[in-house]
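**Q** quick check, what structure comes out for this input:
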Amino acid sequence: MGMKKKKILQNLILALFSFTAMNGVAQEKYVSHEVLPGETIYSISKKYKVTPYSILQRNPDIKDVEEIKPQTILIIPVANRSNSISAKKNGQTLPQIEPLGFKKHKVRKRETFESILFKYGISEQQLKRYNAELYAEPLKKGMVLQIPEYPKTDATEERELEFDNYIVKPKETRWSIAHKFGISLDSLAALNPDLPINSSYLADGQSLKVPRPKGDSLDEQEVILYESYTVPKSIGLYRVSQNYDISVDSIMRLNPQIAEAGGLKEGMVLRLPKPTSKNELINTDNYIFHVVKPKQNIFRLTQELKISRDSLYLLNPELENGLKAGMILKLPKTKAKQLEVKNSLVMEQINLVDSIDVANRPNLVFMLPFRLDRINFSDNEKTEAQVKTRKDIRYSMGLYTGALIALDSIKKLGLSVNARFIDTENDSLKVNAALVPESLIGVDAIVGPVFPSLLGEIAAKSSSAEVPLVVPFASESSYQFNNIFFSSPKDAVLRDKLLDYVESQRTTEEIIVIADAKHQVARDSILSKFPRARSAKMSADGSLHLVDFEDMLLDDTTYWIFVETNDQNLVSSISSILNAKNSEELYTVRMFTTNYNSAFESESVSRPHLSNLEFTFPSAFREVEDDSFTKAYRKKFGYRPDRYAVRGFDITYDLLLKLAHKKNLFATSQIIGQTEYSGNRFDYVNRWMSGYYNTASYLMKYQDLRLMEIKENEIKGNASR
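**A** So this is what the prediction gives:
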């Protein structure tokens, strides 16, 4: 049988199976039942006048009669019974409300039961009643569900009674509150549509709508979880009630076998409410959090979270009622050292290339100062000179050509993109004309501007339309807009990266700081990190006071010298002096800087000297090898890409992959950790009301006349961390 015929046959069998299943549903009726404390499979079967076997047959997840726990939802077959099956609530029998009609809902990727239920204001039982396949299989992307529509007045009044207002406490997050009330983040967002989409921030004292726990009040009631208790010798009901803080009557109701046996007996196994801590604070001071993903199981969770099963259950006793996608699990704060954590959330390792949803069609706008108004294309020599000498044109052309390769690359993965390039001409009037409100409808992100002079204007326009703005070169600004993504790491991030590295590698090395007057912040940061470090004296003309410096050096000592300056002449002079000291073989000298800039790239600075000194520095950028991007760029344009073209490719490709995963950059940035492409890394962290900051960078050093990256696994002490 050929493959094509085999495929057709498989589809035919599947179609027949689906038809048969639908007819089966039509012939047999079902009712759902929520297991109450003390109920068994036998008592439930008697209540509905069915056999225990028929209940187990319709509930394949229940492998054993002893497995059913309170709050478990069972499907009860009730063939040949009237459609007007009644439901029970709070001990009263209520007539089942029939829907007025139905609407269809196609399940999206990563959508959960809770988000669908809250979106349409229905219960899980109501959803499953009209989508019988959900009794036997989990929610899947692409499923088309029948959504019942009920009378709005009654349903609205009913739902309002099920919710309460919760006041946010200090250091609580969306993750911790969702965990506290046993709901998913989608559910919390659905209940509170006013929460901003571009931040996970919650203010102290903020009011949130949350599900009301079963009982009379938020403070006094919580979900009841149970444990087994084997009765020891010589203990009575009163002692048990005292130990578990529960009345004797409640024990009897939970354990009817006591009455059947004529009293409490040694060896009896009782079901009793598990003791819980009522005043526990669940916030970022005490815990980190993890969102359970579809198809995860307990074994996989314990492996990924590096925690034992017992510890996981101890922290999250609700797991005894079953693991569900969307659950928020709390973990001890100490686990933050072993796991990738961002904003108190344990990050899931997501392969963005494998997570593309071609239904997402990103719509991008690039705002770059090409300055076409200044270029005379009729004069080739002048045009070429302008492209080489003008920073605005050079930066824009690099970003533009790199972005074109990214657009070509993403197209090969099957994703359609709409990209629009606007020449800002570095003119605010041009920007205002281009960013009218209508032009931002449907835009998923803006890339630009190159220079800070237009940042405030573009940020204000894009912020009002809730469009993320990715800035190619800036690391921070004075503007308070929460939609800005600063793609370059801040100086403090780079400085801390190097200082942490030095601290991890240092043993007996002496540290000396050579800093000019403009770099006293860097000098003070180094001295603060290493209190025993010394600062070299500078001469009145800004050069190194050589005599004083030489007096600081002792024979047979290793010195790590920090050079902090933007003066290329000072860099050239100091690197020559330090290299000469190394050549004398009286000392061992290594050179560092926390602020790598063009002064260190000057032609007057000897590369052999930097290599001999193992010159080491932090960088937002790394040198690019002949990777796939470089080859594609050279093939398209005929020359090697510069660092601006590399940045244009990396920013655009990162942006497109994130929007292809989830068509909302704000949401994606909360669930995606560090990403890396050709020559740049990105790991955005949200700072409330001031934007998203890239915290990823590289460590580079000169070695054997080459500039090389220091890999994380090469850093001493990483294994212990």
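**Q** can you give me the helices for the stretch 601-721 of the chain?
**A** When secondary structure is read from DSSP state H, counting those that start in this stretch, the stretch 601-721 of the chain shows helices at 607-612, 628-637, 643-661, 665-671.
**Q** and the closest residue in space to Gly236 that isn't next to it in sequence, helix, strand or coil?
**A** Among residues not flanking Gly236 along the chain, Leu264 sits closest, at 6.4 Å (CB to CB, 6 or more residues apart in numbering). For the C-beta atoms, the positions are set from N, CA and C on the backbone; glycine is no exception. Secondary structure assignment for Leu264 (DSSP: H, G, I helix; E, B strand; the rest coil): coil.
**Q** Leu264 and Asn380, how far apart?
**A** Going from Leu264 to Asn380 by CB to CB, to the nearest Å gives 100 Å.
**Q** likewise Leu281?
**A** From Leu281 across to Asn380, the span is 70 Å (CB to CB).
**Q** comparing the two, which residue is more hemmed in?
**A** Neighbour count, other CB atoms under 10 Å: between Leu281 and Asn380, Leu281 has more, with 13 against 9.
**Q** contacts only, for that one.
**A** Applying CB atoms under 8 Å, 6 or more residues apart in numbering, we find Leu281 in contact with Lys169.
**Q** and it, which of the three is it?
**A** coil.
**Q** now the helices of the stretch 601-721 of the chain in CSV, with mean neighbour count and mean pLDDT?
**A** Output for the helices of the stretch 601-721 of the chain, formatted as CSV (neighbours: other CB atoms under 10 Å; pLDDT from 0 to 100):
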stretch, mean neighbour count, mean pLDDT
helix 607-612, 18, 96
helix 628-637, 15, 94
helix 643-661, 25, 96
helix 665-671, 21, 88
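**Q** which one of the ones you listed lies nearest to Thr588?
**A** Distance to Thr588, taken as CB to CB, is lowest for helix 607-612 among the helices of the stretch 601-721 of the chain, at 10.9 Å.
**Q** which residues does the closest one contact?
**A** Here helix 607-612 has contacts from Ser575, Ser576, Leu578, Asn579, Asn582, Met591, Phe600, Tyr702, Gln703, Asp704, Leu705, Arg706, using CB under 8 Å, 6+ apart.
**Q** what about that helix, distance to the chain center?
**A** With CA atoms, centre = their mean, to the nearest Å as the basis, helix 607-612 stands 41 Å off its chain's centre.
**Q** returning to that earlier point: make a PyMOL selection of the buried ones in the contacts of helix 607-612.
**A** Burial among those is assessed by 16 or more other CB atoms under 10 Å; the matching PyMOL selection reads:
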select buried, resi 575+578+579+582+591+600+702
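**Q** and which of the contacts of helix 607-612 is nearest to Val365?
**A** Nearest to Val365 out of these is Phe600 (CB to CB; 35.4 Å).
**Q** element containing the spatially closest residue to that closest one that is not a sequence neighbour?
**A** Of all residues not flanking Phe600 in the chain, Val571 sits nearest, at 5.6 Å (CB to CB, 6+ apart). Using DSSP states H and E, Val571 sits within helix 568-583.
**Q** so for that helix, mean pLDDT?
**A** Mean per-residue pLDDT for helix 568-583: 94.
**Q** list the contacts of it.
**A** Defining contact as CB under 8 Å, 6+ apart, one finds that helix 568-583 is touched by 514, 516, 542-544, 546, 549, 553, 561, 563, 565, 587-589, 591, 598-600, 602, 604-606, 608-610, 612-613, 615.
**Q** export only the CA atoms of it, formatted as CSV.
**A** In CSV, the C-alpha atoms belonging to helix 568-583 read as follows (Å, rounded to 0.1, in the frame of the first residue of the first chain):
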residue,chain,number,x,y,z
GLN,A,568,43.5,57.1,23.4
ASN,A,569,46.9,58.7,24.1
LEU,A,570,46.6,57.6,27.8
VAL,A,571,45.6,54.1,26.8
SER,A,572,48.5,53.9,24.4
SER,A,573,51.0,55.2,27.0
ILE,A,574,49.8,53.0,29.8
SER,A,575,49.6,49.8,27.8
SER,A,576,53.2,50.4,26.6
ILE,A,577,54.4,51.0,30.2
LEU,A,578,52.6,47.9,31.5
ASN,A,579,53.9,45.7,28.6
ALA,A,580,57.4,46.9,29.4
LYS,A,581,56.9,45.9,33.1
ASN,A,582,55.8,42.4,31.9
SER,A,583,58.9,42.1,29.8
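**Q** give the buried residues for stretch 558-570.
**A** Tyr559, Trp560, Ile561, Phe562, Val563, Glu564, Thr565, Asp567, Gln568, Leu570.
**Q** again with stretch 676-690
**A** By neighbour count with 16+ other CB under 10 Å, stretch 676-690 contains the buried residues Tyr677, Ser678, Gly679, Asn680, Arg681, Phe682, Asp683, Tyr684, Asn686, Ser690.
**Q** got a list of what the fourth one touches?
**A** The reference is to Asn680. The neighbours of Asn680, taking CB under 8 Å, 6+ apart as the test, are Ser487, Ala620, Phe621, Arg622, Val646, Arg647, Asp650, Ile651.
**Q** check it and give its pLDDT.
**A** You'll see Asn680 listed with a pLDDT of 96.
**Q** over to the last one?
**A** We note a pLDDT of 86 for Ser690 in this prediction.
**Q** give the other helices and strands that the helix or strand harbouring Ser45 contacts.
**A** If you go by DSSP H and E, Ser45 is part of helix 41-48. Applying 3 or more CB pairs under 8 Å, 6 or more residues apart in numbering; DSSP states H and E, one finds that helix 41-48 contacts strand 30-34, helix 52-58, strand 73-77.
**Q** could you list the single helix or strand in the protein with the lowest mean pLDDT?
**A** helix 3-27 (a mean of 37; mean pLDDT, DSSP states H and E).
**Q** quick revisit: would you convert the buried residues of stretch 676-690 into CSV that also reports distance to Pro273?
**A** What follows is these, written out as CSV (distance: CB to CB, whole Å):
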residue, distance to Pro273
Tyr677, 53
Ser678, 57
Gly679, 58
Asn680, 54
Arg681, 50
Phe682, 48
Asp683, 44
Tyr684, 44
Asn686, 40
Ser690, 46
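**Q** quick one: which two of those residues are the most distant?
**A** Ser678 and Ser690 (28.6 Å).
**Q** am I right that Pro32 is in contact with Ile73?
**A** No, residue 32 isn't Pro; it's Ser. Yes. Using CB atoms under 8 Å, Ser32 is in contact with Ile73, at 5.5 Å.
**Q** what do those two both touch?
**A** Common neighbours of Ser32 and Ile73, using CB under 8 Å, 6+ apart, are Gln125.
**Q** picking up where we left off before, taking strand 30-34 as reference, get the angle to the helix holding Ser45.
**A** Here the directions of helix 41-48 and strand 30-34 differ by 130 degrees (axes from the mean of the first three to the mean of the last three CA atoms, to 10 degrees).
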